[in-house]
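*Asks:* Based on what follows, work out the 3D shape:
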Amino acid sequence: MDHRKLKILFVSSEVEGFSKTGGLADAAKSLPIELRNLGHEVKIITPFYRTINHREHAQHRLNLTFQTHNSRPDIEFQVHELTLDNIPVLTIDNPHYFDRQGLYGEDHHDYQDNGERFAFFCLAAIQTCEAINFTPDIIHCNDWHTGLIPFLLKTRYQDHNRFAQTKTVMTTHNACYQGIFDKSQLNLIPEVSACMDERVLVNYNYINYLKVGLIYADKINTVSPNYASEVLTTLGSHGMSDTFIARIHDFEGILNGCDYSDWNPETDTLIPANFSADNISGKAICKKELQNTLGLPETKDPVFGMVCRITEQKGFGILLPILERLLKHKLQLIIVGSGDPSIIGQLNAVAKHFPEQFKFIDSYSDKLSHMIEAGADFFVMPSMFEPCGLNQLYSFAYGTLPIVRAVGGLKDTVLDYDQDPDNANGFVFDDPSPNQLLSLMRRALLLYIEHPEEMARLKRQAMRSHFYWSTSAKLYNRLYYKALYQLRSW
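*Replies:* Numbers count the residues shown, from 1 in each chain. Alright, predicted model coming up:
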């Protein structure tokens, strides 16, 4: 097999450092850097949102026009360039589609034209690639927002000189979000309206962008081996199991890594004291500062932290029923995040009754997230599903023991103390029940109170659990060569 250096176009709706709503952005930052470090030529394409960071440093590159080939007027857009660790980040600028307050919606409601917005983005990404004279060996697509790119390369661009040999890899970061739209949002891509394949145009009426990407990409993957197994089941696939099973020979799970340039307690500038596995004393300083910052009493009771989107996925359906019973113990709980107003209302109500034990912060703060990882003793992730999870990896690095449900990437990374105390780095439960979660948190609390030396050993052991993006990049590298040199299974 030829291991020549590749030209890789990495297409993502968000990139850490520029725009972010979740773990997709972290992968879209770290993976391209590691692919570049392997010697490949990498370019990133992402939208030029109103809220994009560093927009004042963007260099204007191109004025382009997309021909609609229908009664609508042609669409003009600009391409600006930013850089990520010397990797070009090409941003698609069209005010009609991207000059908005949010990335995908506002006030907990998606934009009604998201289908059209990201159909345009897929088309603009391909046209930009052509305009800058870049012939990719691989176009790496991420989540539903980019799902039309594999379809376009197999239809409109199948005989195009520039893209005839280009292969696509489609990564599903979360199969819950599929991008399902009425075909009326696809006027920019008449190939879809004319398609007679019901896998593409369901009932000839609506389209599932993620499904189309999975069908047409040359190779597909998810972001952990266990999640790859889960999406093959009816329960774990959000209705997509048949699609994943049909591509089983082109499908694998590749675990995400942790960006230790951002999440390293030895160098972290957002925490009050640095520390390491060899000298963990700074963690106690971080705990005191966290308590003071949030107005909690400065006690030696264990602190349980949680930073996440406030949604049912993150396990609030099993946490809320046991919250008041949990807070009868001598502990403190801090939850940070925004999301579902009904869950937020319940958290605020409990916080009012336990002001010296429970703090809920209805927002996201990067600094506070780092302070919680550094200052908490335990990190709670009772997720209903979790494709990979990143906070358990951050928690390892800071000696904050994760308490997780055995799903997705959490199962791949967290070793339970009762199951394997010699190698454990956290606590794991299986059934999504309030009582199981309460039992596990009490078990962790008991270890903290009765066996402080064992707790200290366990924290140091967790800090030696490393998950590097360089390891993930080598697996993606292998997947790219499979896409280039192996026939796909359809």
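
*Asks:* Can you list the buried residues in stretch 332-352?
*Replies:* 332-337, 339-340, 343-344, 346-347, 350-351 (16 or more other Cβ atoms under 10 Å). Every C-beta, even on glycine, is put in place using the N, C-alpha and C of the backbone.

*Asks:* What's the end-to-end length of it?
*Replies:* 14 Å (Cα to Cα, to the nearest Å).

*Asks:* any idea how far it is from the chain center?
*Replies:* Distance, stretch centre to chain centre, for stretch 332-352: 22 Å (Cα atoms, centre = their mean, to the nearest Å).

*Asks:* Start the count at 492 instead of 1 going forward.
*Replies:* Will do, 492 is the new start, and the previous item becomes stretch 823-843.

*Asks:* Quick one: residues in contact with it.
*Replies:* With Cβ atoms under 8 Å, 6 or more residues apart in numbering as the test, stretch 823-843 has contacts from 599, 781-782, 785, 787-788, 790, 792-803, 805, 807, 811, 814-815, 817-818, 848-856, 859-860, 863, 867, 871.

*Asks:* make it 7 Å
*Replies:* Contacts to stretch 823-843, defined as Cβ atoms under 7 Å, 6 or more residues apart in numbering, come from residues 599, 785, 787, 792, 794-802, 807, 811, 814-815, 818, 848-856, 859-860, 863, 867.

*Asks:* Report the mean per-residue pLDDT for that stretch.
*Replies:* Mean pLDDT, stretch 823-843: 96.

*Asks:* Three-state assignment for the residue nearest to Ile745 when sequence neighbours are not counted, please.
*Replies:* Excluding the flanking residues, the one nearest Ile745 by Cβ to Cβ, 6 or more residues apart in numbering is Leu966, at 4.6 Å. With DSSP: H, G, I helix; E, B strand; the rest coil as the basis, Leu966 sits in helix.

*Asks:* if I look at Leu966, how far off is Ile578?
*Replies:* Per Cβ to Cβ, to the nearest Å, Leu966 is found 20 Å from Ile578.

*Asks:* Comparing these two, which residue is more hemmed in?
*Replies:* Ile578 (17 against 14; other Cβ atoms under 10 Å).

*Asks:* Need phi/psi at that one.
*Replies:* Backbone torsions for Ile578, taken as degrees, to the nearest 10, come to phi -100, psi 130.

*Asks:* In contact with it: list those residues for me.
*Replies:* Ile578 touches 523-524, 527, 533, 535, counting by Cβ under 7 Å, 6+ apart.

*Asks:* Could you dump these into TSV and include pLDDT and secondary structure?
*Replies:* Shown next, in TSV, are the contacts of Ile578 (pLDDT from 0 to 100; DSSP: H, G, I helix; E, B strand; the rest coil):
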residue	pLDDT	secondary structure
Pro523	98	helix
Ile524	98	helix
Arg527	98	helix
Val533	98	strand
Ile535	98	strand
